[in-house]
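Trainee: Sequence first, then the predicted structure:
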Amino acid sequence: MADMVAPSPTHWPPIQQYIENDRIDRFLRVVPELDPIFRRYMASDHCPGIAYGVVVDGELVYTQGLGVRDVASQAPDDADTVFRIASMTKSFVALAILQLRDQGKLRLDDPVVLYCPELAALKTPHMTPMRSRCAIS
């Protein structure tokens, strides 16, 4: 696997580089506008609570919890509230697989068992080897 090389993503746009040094200060000036937006969302979708954070240049610069995480106990939401994420794990797996591909650590057409031997007994509907790309489709 060490000799695998990922295709060069030359067709991707360059990563945006920001030159403003006051980006965090500029964001913090608009913070008072955020809570009303999230409160309207909570009201329209009958959501008892929400927690959110904002990251600027890789730094968590603001967190807020609104409402409650438990309706019965009225325990408030905060930055440490743990939420269920439903079926979103597939998105995280897809992102991780594509990052590994970009780093040259796997290829999408390789059999999954190359990386997860525990899946060797798993049969796909067409009895063909499951490929890494199957996890992102």
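Mentor: Okay, I see it.
Trainee: Residue nearest the middle of the protein, spatially speaking?
Mentor: Most central in the chain under Cα atoms, centre = their mean is residue 92, positioned 5.4 Å from the mean C-alpha point.
Trainee: quick one: that residue from residue 99, how far?
Mentor: Distance of residue 92 to residue 99, computed by Cβ to Cβ, to the nearest Å: 11 Å. The C-beta positions use only the backbone N, C-alpha and C, and glycine is treated the same way.
Trainee: okay, and the common contacts of these two?
Mentor: When Cβ atoms under 8 Å, 6 or more residues apart in numbering defines a contact, no residue borders residue 92 and residue 99 alike.
Trainee: And the protein, split by domain according to the record?
Mentor: By the assignment in automatic domain parsing, the chain contains the domains 9-83, 84-137.
Trainee: Can you tell me how far residue 50 is from residue 78?
Mentor: Relative to residue 78, and taking Cβ to Cβ, residue 50 is found at 11 Å.
Trainee: hmm, who's touching stretch 26-37?
Mentor: Everything outside stretch 26-37 that qualifies as a contact, by Cβ under 8 Å, 6+ apart, is 20, 52, 54, 56, 61-62, 64, 66.
Trainee: Could you rerun that using 10 Å?
Mentor: Under the contact criterion Cβ atoms under 10 Å, 6 or more residues apart in numbering, stretch 26-37 has outside partners 20, 22, 52, 54, 56, 61-62, 64, 66.
Trainee: next one: that stretch to chain centre, how far?
Mentor: 23 Å (Cα atoms, centre = their mean, to the nearest Å).
Trainee: ok so, going back, got the contact list for the residue nearest to the centre of the chain?
Mentor: residue 85.
Trainee: Which parts of this protein are helices?
Mentor: For the chain, the helices defined by DSSP state H occupy 23-30, 34-44, 89-102.
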